[in-house]
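Asker: Provided below are the primary sequence and the corresponding predicted coordinates.
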Amino acid sequence: MGNKPELLVPAGSLKELETYLAAGADAVLIGEAKYGMRLPGDFALTDIAEAVAYAHEREAKVYVSINKLLHNEQLEELRHYVTELSKAGIDGIQFGDPAVLQTVREIAPQISLHWNAEMTSTNYSTANYWGTKGASRVVLARELNMDEITEMQPELNIDSEVQVHGMTNIYHSKRRLVHSYMTHQGRPVDGGSLDKDRGLFLVEAERPDEKFPIYEDENGTHIMSSDDICILEDLHLLMASGVDSFKIETLFKPSAYNETVIRIYRQAIDTYFQDPENYEFDEEWMESIRRVQDPERELSFGFFYKEQVY
Amino acid sequence: MQTAEKHSPKYTGKRHRLEKPELLAPAGNLEKLKFAIHYGADAVYIGGQKYGLRSNADNFSFEEMREGVEFAKKYGAKVFVATNIYAHNEDLDGIEEYLRNLYEAGISAVIVADPIIVDTARRAVPGLEVHLSTQQSTVNWQAVKFWKEEGLPRVVLGRETSLEEIEEIKKHVDVEIEAFIHGAMCSSYSGRCVLSNHFTDRDSNRGGCCQSCRWKYDLFEDSRPETAWISEEEAMGDPVLQQFQLGVTQLPLFEEQDNAFTMGSKDLCMIEHVPDLIDVGVDSFKIEGRMKSIHYVATVVNVYRQAIDSYMADPDNYVLKPEWIEEINKAANRPLNTGFFYDTPDHEDHIYEPEEKAAPYDFAGLVMEYDEATGMAVIQQRNHFKPGQEVEFFGPGGTFFKQVVEQIWDEEGNELDAARHPLQKVKIKVDQPVSYFDMMRKKK
């Protein structure tokens, strides 16, 4: 049995951050679309300083996402950003691009580095490689299954983070695909937003009941899963294996929903660690989540129990 | 089908240098390898039995690799192996041995995406060059520098990199830059797409991609109030929510007659911009397509070979030849564009209309022998052809002529009404001299 895992939640605003910490989160992931991808909202640098002060008072951690694939033009401002984040006293940075790792190591070596290459962080050996470069945590791909995740725990030299709840990104393009399509149709984008708030989704002919959210922002086009991961029922397997951080994805959900989900996972984690031997899953936890779940989005085990071929 | 219908601004940078780039072609099997090299590729990339991203291609055994390397050597060409999966735990055993075997087979370089395979190769087989795969989506100079410092002499850039960005990368880092210049493209950042995993449980990053980006989708807007599903009870009597309860929950963003939404991209084609690519300092011109036909590979390689040689011979008087574009179009499977080199792709760069799919020409026969005295050629049949049909001959350097097939004989001298049997050797009279490895094609 490992240590009690951290419960990590992305927050889109100071208000959300307060709500989520009150509901039981141990750490928040924040940032802005300019550097971090698929965050529920933007935090300006001043807000980040405020978030850190608030969270640290409550012994919670603040991580900032700089996980986008950077182009040349951003390398200079990245240095400034990291300097300011360092002053703000944040606890960690999520990165996917080696340029971010190098910059943080050089400017703010005291900040923890969490390697998050989305769907491409798929094995312990590569995670350990990033460990030798200075990363202290790997954010594992959501396409791994339970066996892969639990069996790699003893092999990992760095901490691991696993998403336990919510939607996942399944496609990211630098292209503005919705804008392109609407232009092709001759449909005016009418100054309207194509961002998250628009509620756009795709349906594929063979899968009429699955709705895949799609949106555009300055990082291009993002397509999200049609179901929400919920591994609550088998959370004990992850806890027993020693996963260090559980992430609840809050993107595209009302904060009342997220608050409920965080509270339930908090309860499950605390119950387990009071007495792991006699831990029992409480069906009522699941019911509480089902009651607030969007009926058009299935709660699923994601790839935890799927066999993938290639 | 036409090339680059968007009128992109020309790259306005300086000529930074004038070095002949490598022309790097795909080779899905041993035969394609031979054609690619004979038609002018300086190097080819192939897939081995493991760790590659084309699990459906008939990948090379070590024995075939050795034969391929032998063949390549005669032309002074190199053979690279794509070892570009993102490994899962179960894939880790055996990587060292596999890489050693590649090295012993005479492979010059491996193209790698997963950092642990980079690291293993550098450590276990230092003689084997490692090139960073486009699957890493490397698009800035600092990341390129990182990989150079890890011991990589070459980085294949992400397809999102513009010419201006390549110029800056070359300015900051002394490393070989390889760029895709022709062929099909992921519309996502490479490696950052698991549509295939979600739709069909096929792992795209281990070679199972089912090209869901080219499927058709309907685009809707959710018209439910933001938190409808959690405040349904409270909001009884709310007129907006009543509509929601009546089932008006989504607005289609398309009309009956509209084409469907898709992420599918046109194919990349830089034949009109070879000087820009050379001037900016791209070291290796990469053609996509290990699954493509011999006819495709030979045609495309042939054209770029001529364009590169022509520019290098006399850069100031270089002229883009219209027949190069015609040739490219004879092999093209899709409409073409210039990707991200000049601008971010937009509505003209995706394929919303139903796809024509097939290239307009078929590879009909391969020239095996030619008898100058009689003007007779031995042709190995590669597709049905018959007397009366117009065919076209071409070979390295693009020399080609058209003629009508007259009589066809089999090897015993019996006259045939058509060449029907795959790989059968037949004789026909040709209007001009041809040689072994020349190809005969016909319009579909």
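Answerer: Everything's here; your move.
Asker: quick one, phi psi at residue B:168?
Answerer: Note on residue B:168: backbone dihedrals following degrees, to the nearest 10 are phi -70, psi -40.
Asker: Verify the contact between it and residue A:72 for me.
Answerer: Yes: applying Cβ atoms under 8 Å, one finds residue B:168 in contact with residue A:72, separated by 4.9 Å. Every C-beta, even on glycine, is put in place using the N, C-alpha and C of the backbone.
Asker: Per-residue pLDDT of the spatially most central residue of chain A, please?
Answerer: Nearest to the mean C-alpha position of chain A, by Cα atoms, centre = their mean, lies residue A:249 at 5.1 Å. The per-residue pLDDT reported for residue A:249 equals 98.
Asker: The one 10 residues further on now?
Answerer: For residue A:259, the model assigns a pLDDT of 97.
Asker: Can you report how many residues lie near the spatially closest residue to residue B:122 that is not a sequence neighbour?
Answerer: Nearest residue to residue B:122, sequence neighbours excluded (Cβ to Cβ, 6 or more residues apart in numbering or on different chains): residue B:151, at 4.8 Å. Residue B:151 has 14 neighbours, counted by other Cβ atoms under 10 Å in any protein chain shown.
Asker: how close does residue B:151 sit to residue B:130?
Answerer: 7 Å (Cβ to Cβ, to the nearest Å).
Asker: shared neighbours of these two, anything?
Answerer: Counting by Cβ atoms under 8 Å, 6 or more residues apart in numbering or on different chains, the contacts common to residue B:151 and residue B:130 are residue B:122.
Asker: still on that earlier bit, would you verify that the residue nearest to residue B:122 is located in a strand?
Answerer: No: assignment of residue B:151 by DSSP: H, G, I helix; E, B strand; the rest coil gives coil, placing it outside any strand.
Asker: Correct me if wrong: it contacts residue B:128.
Answerer: No: using Cβ under 8 Å, residue B:151 is not in contact with residue B:128; the gap is 10.9 Å.
Asker: hey, what's in contact with both of those two?
Answerer: Shared contacts of residue B:151 and residue B:128 (Cβ under 8 Å, 6+ apart): none.
Asker: What's opposite residue B:426 in the beta bridge?
Answerer: residue B:379, residue B:410 (DSSP bridges).
Asker: wait, it sits on residue B:377?
Answerer: No: counting by Cβ under 8 Å, residue B:426 stays clear of residue B:377, with 9.3 Å between them.
Asker: elements contacting the strand ranked longest in chain B?
Answerer: The longest strand of chain B (DSSP state E) is strand B:361-371. Judged by 3 or more Cβ pairs under 8 Å, 6 or more residues apart in numbering or on different chains; DSSP states H and E, strand B:361-371 is in contact with helix B:294-313, strand B:376-381, strand B:390-394, strand B:439-443.
Asker: let's see it at 10 Å
Answerer: helix B:30-38, helix B:294-313, helix B:322-331, strand B:376-381, strand B:390-394, strand B:425-429, strand B:439-443 (3 or more Cβ pairs under 10 Å, 6 or more residues apart in numbering or on different chains; DSSP states H and E).
Asker: Which residue ranges make up the domains of the chain?
Answerer: With no chain named, the answer covers chain A. Chain A breaks down into these domains under automatic domain parsing: A:6-167+A:225-300, A:171-224.
Asker: other chain: chain B
Answerer: B:22-191+B:263-349, B:220-253, B:361-443.
Asker: So which bits of the strand or helix carrying residue B:120 are buried?
Answerer: In this assignment (DSSP states H and E), residue B:120 forms part of helix B:115-124. Buried residues in helix B:115-124, counted by 16 or more other Cβ atoms under 10 Å in any protein chain shown: B:115-122.
Asker: swap in stretch A:18-33?
Answerer: By neighbour count on 16+ other Cβ under 10 Å, the buried set for stretch A:18-33 is A:18-21, A:23-33.
Asker: And those residues, which two are furthest apart?
Answerer: Taking Cβ to Cβ, the two most distant members of these are A:24 and A:33; they sit 26.9 Å apart.
Asker: OK, contacts around residue B:354?
Answerer: Contacts for residue B:354 (Cβ atoms under 10 Å, 6 or more residues apart in numbering or on different chains) come out as B:216, B:259-260.
Asker: quick one: pLDDT of residue B:181?
Answerer: pLDDT for residue B:181: 98.
Asker: Which other helices and strands does the host helix or strand of it contact?
Answerer: Residue B:181 is part of strand B:176-183, with elements assigned from DSSP H and E. Counting contacts by 3+ Cβ pairs under 10 Å, 6+ apart, strand B:176-183 is packed against strand B:22-26, strand B:129-132, strand B:154-156, helix B:163-172, strand B:267-269, helix B:274-280, strand B:284-287, helix B:294-313.
Asker: Recalculate using a threshold of 8 Å.
Answerer: Against strand B:176-183 (3+ Cβ pairs under 8 Å, 6+ apart) you get strand B:22-26, strand B:154-156, helix B:163-172, strand B:267-269, strand B:284-287, helix B:294-313.
Asker: what packs against the last one?
Answerer: Secondary structure elements in contact with helix B:294-313, counted by 3+ Cβ pairs under 8 Å, 6+ apart, are strand B:22-26, helix B:30-38, strand B:176-183, helix B:274-280, strand B:284-287, helix B:322-331, strand B:361-371, strand B:439-443.
Asker: how about a cut-off of 6 Å?
Answerer: If you count contacts as 3 or more Cβ pairs under 6 Å, 6 or more residues apart in numbering or on different chains; DSSP states H and E, helix B:294-313 packs onto strand B:22-26, helix B:30-38, helix B:274-280, helix B:322-331.
Asker: swap in the fourth one?
Answerer: Using 3+ Cβ pairs under 6 Å, 6+ apart as the contact criterion, the elements in contact with strand B:267-269 are strand B:176-183.
Asker: Alpha carbons only: can I get the helix or strand that comes right after the strand it packs on in PDB?
Answerer: Under the assignment DSSP H and E, the closest C-terminal helix or strand after strand B:176-183 is helix B:195-200. Extracted C-alpha coordinates of helix B:195-200, given in PDB (Å, rounded to 0.1, in the frame of the first residue of the first chain):
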ATOM      1  CA  LEU B 195      -9.700   9.000 -32.500                       C
ATOM      2  CA  SER B 196      -8.800   5.500 -33.700                       C
ATOM      3  CA  ASN B 197      -8.500   4.200 -30.200                       C
ATOM      4  CA  HIS B 198     -11.900   5.600 -29.300                       C
ATOM      5  CA  PHE B 199     -13.800   4.600 -32.400                       C
ATOM      6  CA  THR B 200     -12.400   1.100 -33.100                       C
END
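Asker: How far off centre is helix B:195-200?
Answerer: Relative to its chain's centre, helix B:195-200 lies at 22 Å (Cα atoms, centre = their mean, to the nearest Å).
Asker: Sounds good, over and out.
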